[in-house]
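>>> task: produce atomic coordinates for the following.
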Amino acid sequence: MFQTEKTVVLLDKQFLFITEVLRTCRVLPEAIKSTPMINSLKTLILLVSIFTAFTASANQSCKALLLDYKKPSEVALANELSNALKLSQKVMTEIRKESALIQARLQKNSEIFDVVCLGAGPQCTAASMVLGKTNLKSLVVEKSDTVSSNFASKDFMINSSETSDLTMHEIPGGALHFDQIMSSKYGNSQQLATYVQALQFQSKVPVLLNTEVVSFELRKIGNIEVVVLKTAQGTEILAKKLMVGTGLGEAVTKIPDSNYQKILKEQVQISKQNPLALQKLMNTETFMKALKLDPKAAKPIVMPKTLAMIGSGDGARISLEELMESFVVMPKDFKIYWIGSNIKTADEYIASQKGWDRYIEKVVPHFQQGRIESVSGYGQSVEFLSNGKMKISVQDPDTKVISQVEVDMAVDNTGYENVILNNILKAFPQSALKDVRGSLAERNLNETALARQLSLNGQDVGIYFLGISAGPLATREELATALNRNPVAIYNNAPRTSAFVSQVTGTPSLPRTIGKKTTKNKVMDADSAFELLQAKRNSAN
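Residues are numbered from 1 along each chain as shown. Sure thing, here's the model as predicted:
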């Protein structure tokens, strides 16, 4: 598979990756991970020999891992991430300048916009790519100081492709493609943030940052009905059409225990004040942000002896994946109680993915090392014990049997609350959401849900919900025939948003490149990428 001299270089640059693969496939013991680095040539040659001999007799899952994924060196990956962050800085500098000018204007007078998009994430960027080609006065409003803050504020791995021929994160109309920012099969969340920021900049639709919308109302101005967005700063933004693209919303727990809910909220606030420290109780957001910040503090993250991973969705899988990072120290006999999962073995987990590989590389090792004990059912209550542990009660929905686990730490990944949707529904009683239907050419769908619109007392209102802010738009039948079956994926939602905005504005639809790996683009340096974006931004639409 590898020539000896190439293997030596590869091992030298990415010792942790190779040893992790070998240990995953039961060739090396767990203890090898604690070895700081190979300094002995004899040890290096021994590892190479083991690796060469191993590839011939590896089990199928290990062969797939090795043959399908040739990971670039850690140095190359670090350089690509650094390059992406450089591009991010260039783009965000310009976006922040424009934001400051708009903020100053709105401090003096409110303005009427043809379209306001709420939430500077992938869906509002997809909308902006279309809006930038119109003469409509448009604006994106974002409560944080960063476009795509949800991805930028964390440091986790994402798939750049779900299959051998599918680019997962493309947004229609972009001059820059995601594979021009990163080259590996797995990208970094901050690289995805850079991609979203780059296309938002290209669109020419400005972003008003650091602006939290606290209430909504409808108002008549002459013959025009507008949506009034009132901000925490006391300003008003008026929109003829409001498009909400705030994503999943805020992390919340689905455990129906009021005392636990109260303590979790308190722990989240503590994490916001001290984001580097691991707390006894964390949610997906605070845990992932701690994992991003701790390595920058040049110290390892030391896990306790027992951990409860609550929930079986993407948040739990990403959290499990991140535990395999080199800066995370798992003690001997580390035990993870995966509440909500009924998977018992590595083979069961691989089979459950039905060909998807996003989490296999870094979740399967937990099963193979005997770290995971799955606990079927849903968390019902949490008791905080005098010895510092937590006792979590879990009920199986089928048998109604209640089991209990005691842990030192818990990460709650049970769900998100769409706060903006809830606030809008409260602001407008008697309102409901209805599908806005249209065609989606790239999926050969003549009619499908592209977005959802607010209806008030049977009358349509100019408030629309994009992507997962509207709830799942793709039906189970549509997802069953899709290359990517994740209902929250950019792959499934960005083209719907783009098609919807084109339909509403009467603008020609934008193309999206879903390229094969055989035609992958070269990664562009930050300066060249920025020049490309500026040229596209300045060109006539």
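
>>> all strands for the stretch 301-450 of the chain, in order.
Remark: strands assigned in the stretch 301-450 of the chain by DSSP state E, counting those that start in this stretch are 301-302, 306-310, 328-329, 335-339, 372-375, 378-384, 390-395, 402-407, 409-412, 416-417, 431-440, 445-456.

>>> what strands line up against the fifth one, and which way round?
What that stands for is strand 372-375. Under the criterion DSSP bridges, strand 372-375 sits next to strand 335-339 (parallel) in its sheet.

>>> hmm, back to that, out of the strands of the stretch 301-450 of the chain, which is closest to Cys117?
Shortest distance between Cys117 and the strands of the stretch 301-450 of the chain, using Cβ to Cβ, is found for strand 445-456: 11.8 Å. For glycine as for every other residue, the C-beta is placed from the backbone atoms N, C-alpha and C.

>>> tell me what angle the closest one forms with strand 431-440.
Between strand 445-456 and strand 431-440, the angle comes out at 160 degrees (axes from the mean of the first three to the mean of the last three Cα atoms, to 10 degrees).

>>> now strand 445-456: buried residues?
445, 448-455 (16 or more other Cβ atoms under 10 Å).

>>> I'd like the next helix or strand past it.
Sequence order places strand 459-465 as the next helix or strand after strand 445-456, per DSSP states H and E.

>>> which other helices and strands contact that next one?
strand 224-231, strand 236-244, strand 431-440, strand 445-456 (3 or more Cβ pairs under 8 Å, 6 or more residues apart in numbering; DSSP states H and E).

>>> heading C-terminal from that strand, find the next helix or strand.
Next along the chain after strand 459-465, taking DSSP H and E as the criterion, comes helix 476-480.

>>> so how far is that next one from its chain's centroid?
22 Å (Cα atoms, centre = their mean, to the nearest Å).

>>> what does it rub up against?
Contacts to helix 476-480, defined as Cβ atoms under 8 Å, 6 or more residues apart in numbering, come from residues 443, 445, 448, 485, 487, 492.

>>> mean pLDDT lowest for which of the strands of the stretch 301-450 of the chain?
Per-stretch mean pLDDT for the strands of the stretch 301-450 of the chain is lowest at strand 416-417 (a mean of 80).

>>> start and end of stretch 136-151, how far apart?
29 Å (Cα to Cα, to the nearest Å).

>>> report the buried residues of that stretch.
136, 138-144, 146-151.

>>> circling back to that earlier point, can you say which of the strands of the stretch 301-450 of the chain is nearest to Thr475?
The closest of the strands of the stretch 301-450 of the chain to Thr475 is strand 445-456. By Cβ to Cβ, the value is 7.7 Å.

>>> contacts for the closest one, please.
The contact list for strand 445-456 (Cβ under 8 Å, 6+ apart) reads 218, 243, 424, 428, 430-440, 460-461, 463-466, 470-471, 473-475, 478, 496-497, 499-500, 503.

>>> just the buried subset of those residues, written out for PyMOL, thanks.
Buried subset of these, written as a PyMOL selection, criterion 16+ other Cβ under 10 Å:
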select buried, resi 243+424+428+431+433+436+438+440+461+463+464+465+466+470+473+474+478+496+497+499+500+503
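
>>> if we can go back for a sec, just the ones of the buried residues of stretch 136-151 in strands?
If you go by DSSP state E, these have 138-141 in strands.

>>> stretch 121-138 - what's its average pLDDT?
Per-residue pLDDT over stretch 121-138 has a mean of 97.

>>> can you give me the buried ones in that stretch?
Buried, per 16+ other Cβ under 10 Å, within stretch 121-138: 121-134, 136, 138.

>>> work out which residue lies at the spatial centre of the chain.
Nearest to the mean C-alpha position of the chain, by Cα atoms, centre = their mean, lies Phe151 at 5.6 Å.

>>> any low-confidence regions in the stretch 1-150 of the chain?
1-73 (pLDDT under 70).

>>> try it again with 80
1-75 (pLDDT under 80).

>>> in it, which spans are strands?
Under DSSP E, counting those that start in this stretch, the stretch 1-150 of the chain gives strands at 111-118, 138-141.

>>> nearest to Asn259, of the ones you listed?
Set against Asn259 and scored by Cβ to Cβ, those come closest in strand 111-118, at 33.9 Å.

>>> please identify the buried residues of the closest one?
111, 113, 115-118.

>>> and it, how far out from the chain middle?
With Cα atoms, centre = their mean as the basis, strand 111-118 stands 26 Å off its chain's centre.

>>> ok so, going back, as JSON lines, the buried residues of strand 445-456 with distance to Met390 would be great.
As requested, those are exported to JSON lines (distance: Cβ to Cβ, whole Å):
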{"residue": "Leu445", "distance to Met390": "46"}
{"residue": "Thr448", "distance to Met390": "44"}
{"residue": "Ala449", "distance to Met390": "41"}
{"residue": "Leu450", "distance to Met390": "44"}
{"residue": "Ala451", "distance to Met390": "41"}
{"residue": "Arg452", "distance to Met390": "39"}
{"residue": "Gln453", "distance to Met390": "44"}
{"residue": "Leu454", "distance to Met390": "41"}
{"residue": "Ser455", "distance to Met390": "44"}
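
>>> and which of the residues you listed is nearest Phe201?
If you rank the buried residues of strand 445-456 by distance to Phe201 using Cβ to Cβ, Ala451 comes first, at 23.8 Å.

>>> the closest one bridge partners, please.
As for beta bridges, Ala451 partners with Val436 under DSSP bridges.

>>> distance of it relative to Gly467?
8 Å (Cβ to Cβ, to the nearest Å).

>>> identify the contacts common to these two.
With Cβ under 8 Å, 6+ apart, Ala451 and Gly467 have common neighbours 473, 496-497.
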